[in-house]
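Asker: Need coordinates for the below:
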Amino acid sequence: MTGSESIDPDVRQRVREAAAAVTPDAAEFTAALVRERSVQGAETAAQERVREEMTALGLDVETLTATDVPGIEDHPEFADTGDSYEGRPNLIATLPGDGDGRSLLFNGHIDVVPEGDEDQWSFDPFGGEVVDGEIRGRGASDMKGGLAAMVYAVEALRRAGVTLRGDLLLQSVIEEESGGFGGSLATALAGPEADAVVIPEPTDFDCWIANDGVSYFRVTVEGRGAHAANTDSGVNAAAKLIPIFESLTDLHDERKTAVHDELFERTAENTVSLNVGTVRAGEWPSSVPDEAVLEGRVSHAPAETRADLREQVEARVRDAAAGDPWLEAHPPEIEWFGWRGSSARIDPAEPIVETVQSVAPSVVDHEPRAIGFPGGIDTRFFVNYADTPALCFGPGAHAIHGTDEFLPVEELEQLIAALALIAMDWCGYDIAADATAASEGASP
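Answerer: Below is the predicted model:
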């Protein structure tokens, strides 16, 4: 028997009460993390705060940096983000089980995207205030609240007098927002291994069990510069870029009607997409631009390969240039750069999916759907390179990557209880003979 029915109702209620009791401390911990501006390359102070909290809860914490993993820079998934990994550790803590139960890994990222134009926010993006039942600021929902819930699920179990039979591992990782190369890729390659992974990303309490692969590309077109008074003596690179732009836009339209995965289209309009994100040309209004550059993002479904997708993009650029004497003599350059990620998919019948779907409704009043996410998520590292089933399950996505991001404290409480119960169902558990006595004691 799995799911909420496998957990004694009295014990389940005790865990929910314990989750409610620790939520004020978890909310303040989340707020304290929000106050640390942990954008890419600046995660150290926030990680130190996580280490302090884990240690105060009695967990032994180890560190792992990307440079500790031999050969990671040669891994096909690795890309250089331009920042040194020195002083930017990933944290790994273990709550040892006392039996032969299955092991479970909770993984969460400490980094956040930049705040953008602060004047557009109605509150300080890094103020970390708890107001009107909301934790407010960058990262509250994506995903410092999820990370705090991981940590405080351990405290809720302790207060409820619950001992897990299998090991529960906690990871706080860096760099997810820029690809996860020095974060979850490093921890997936280095271990420790687990029987399943749950990442409390903001999924609106659904289960993300699949993700698109993502690649960034750059197309550079050469022109010939000239004074604007003699425009026709030059070759306008911006004008030469236009048919390539249009052809790539057409490719998006074609792929979104041709490529389908029902896991993605349960909630999203398309399974895949191609977006031209930037176009640059010229330096001066009175000069004919001698170079134009287009940059874009293209995704591929789990049933496709990155190599095939790249060939489609490159062929489309070549076809757009064909027949133009200038472009045939000066072929556009195509470069694959920066952020890239593989696709991944696990079976909806995986036991960890069944566990989450059966346990969560007793807490969140929602039936978690097994769906795909049309972008990159860290579960792909565990699925593809550690042969471990992994999914994302977490709170609402409240203004993430936008202005006025927040997380309702109520959802934080629900997530703490859900993660604790998921761990109990997956790992197995024992309850202290005197659970009331075991549940006494203050949270740090």
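
Asker: these two touch, right, Cys415 and Val198?
Answerer: In this structure residue 415 is Leu, not Cys. No: look at Leu415 against Val198 with CB atoms under 8 Å: they stay out of range, at 10.7 Å. In short, each C-beta sits where N, CA and C put it, glycine included.

Asker: quick one, strands of the stretch 151-300 of the chain?
Answerer: Using DSSP state E, counting those that start in this stretch, the strands of the stretch 151-300 of the chain run over residues 162-164, 168-173, 197-199, 207-211, 213-222, 226-227, 274-281, 287-288, 291-300.

Asker: per-residue confidence averaged over stretch 156-175?
Answerer: Averaging pLDDT along stretch 156-175 gives 98.

Asker: What about Thr278, how many residues nearby?
Answerer: 9 (other CB atoms under 10 Å).

Asker: wait, isn't it in contact with Ala292?
Answerer: No: using CB under 8 Å, Thr278 is not in contact with Ala292, being 11.1 Å away.

Asker: Now do the contacts for the residue nearest the centre of the chain.
Answerer: For the chain, Ile377 is the residue whose C-alpha lies nearest the centre (CA atoms, centre = their mean; 4.1 Å). Neighbouring residues of Ile377 by CB atoms under 8 Å, 6 or more residues apart in numbering: 199, 201, 208, 211, 392.

Asker: From what I see, the fourth one and Ala344 are in contact.
Answerer: Yes: with contact defined as CB under 8 Å, Asn211 counts as touching Ala344 (5.6 Å).

Asker: between these two, what contacts are shared?
Answerer: With CB under 8 Å, 6+ apart as the test, Asn211 and Ala344 both reach 302, 379-380.

Asker: what's the closest of the residues you listed to Ala46?
Answerer: Thr379 (22.0 Å; CB to CB).

Asker: what about the closest one, neighbour count?
Answerer: Other residues close to Thr379 by other CB under 10 Å number 29.

Asker: Please apply the same query to the one 3 residues further on.
Answerer: Phe382 has 26 neighbours, counted by other CB under 10 Å.

Asker: mind checking the SS state of it?
Answerer: Following DSSP: H, G, I helix; E, B strand; the rest coil, Phe382 is assigned to helix.

Asker: Start from the N-terminal end of the stretch 301-444 of the chain and give the helices.
Answerer: Along the stretch 301-444 of the chain, the segments classed as helices by DSSP state H, counting those that start in this stretch run 306-321, 325-329, 351-359, 361-364, 379-385, 409-427, 435-438.

Asker: same thing with the stretch 101-250 of the chain?
Answerer: Under DSSP H, counting those that start in this stretch, the stretch 101-250 of the chain gives helices at 145-159, 184-190, 237-258.

Asker: Pick the most deeply packed of these.
Answerer: Highest mean neighbour count among the helices of the stretch 101-250 of the chain (mean count of other CB atoms under 10 Å): helix 145-159, with a mean of 28.

Asker: now it against strand 168-173, angle please.
Answerer: Angle between the axes of helix 145-159 and strand 168-173 is 150 degrees (criterion: axes from the mean of the first three to the mean of the last three CA atoms, to 10 degrees).

Asker: Residue numbering should commence at 30 henceforth.
Answerer: I'll keep to 30 as the first residue from here, and by that count the last item is helix 174-188.

Asker: Off-centre distance for helix 174-188?
Answerer: For helix 174-188, the separation from the chain centroid amounts to 19 Å (computed by CA atoms, centre = their mean, to the nearest Å).

Asker: and what of stretch 240-260?
Answerer: Taking mean C-alpha positions (CA atoms, centre = their mean), stretch 240-260 and its chain are 30 Å apart.

Asker: buried stuff in it?
Answerer: Using 16 or more other CB atoms under 10 Å as the test for burial, stretch 240-260 gives 240-246, 248-252, 254-255.

Asker: and the nearest residue to Ala169 once chain neighbours are set aside, what are its bridge partners?
Answerer: Closest residue to Ala169 apart from its sequence neighbours, by CB to CB, 6 or more residues apart in numbering: Leu436 at 4.1 Å. Under DSSP bridges, the beta-bridge partners of Leu436 are Ile164.

Asker: what number of residues lie near Leu436?
Answerer: For Leu436, using other CB under 10 Å, the count is 36.

Asker: Now do the contacts for it.
Answerer: With CB under 8 Å, 6+ apart, Leu436 has these contacts: 59, 163-164, 169-170, 174, 424-425, 427.

Asker: Model confidence for it, exactly?
Answerer: So, for Leu436, pLDDT stands at 98.

Asker: how is this structure carved up into domains?
Answerer: As assigned by automatic domain parsing, the chain contains the domains 33-240+372-467, 242-370.

Asker: Let me have the strands of the stretch 180-329 of the chain in JSON lines, extended by distance to Val90.
Answerer: Output for those, formatted as JSON lines (distance: least, CB to CB, whole Å):
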{"stretch": "strand 191-193", "distance to Val90": "18"}
{"stretch": "strand 197-202", "distance to Val90": "9"}
{"stretch": "strand 226-228", "distance to Val90": "19"}
{"stretch": "strand 236-240", "distance to Val90": "27"}
{"stretch": "strand 242-251", "distance to Val90": "31"}
{"stretch": "strand 255-256", "distance to Val90": "62"}
{"stretch": "strand 303-310", "distance to Val90": "38"}
{"stretch": "strand 316-317", "distance to Val90": "57"}
{"stretch": "strand 320-329", "distance to Val90": "36"}
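
Asker: which stretch among these comes nearest Leu356?
Answerer: Nearest to Leu356, of all the strands of the stretch 180-329 of the chain, is strand 242-251, at 7.3 Å by CB to CB.
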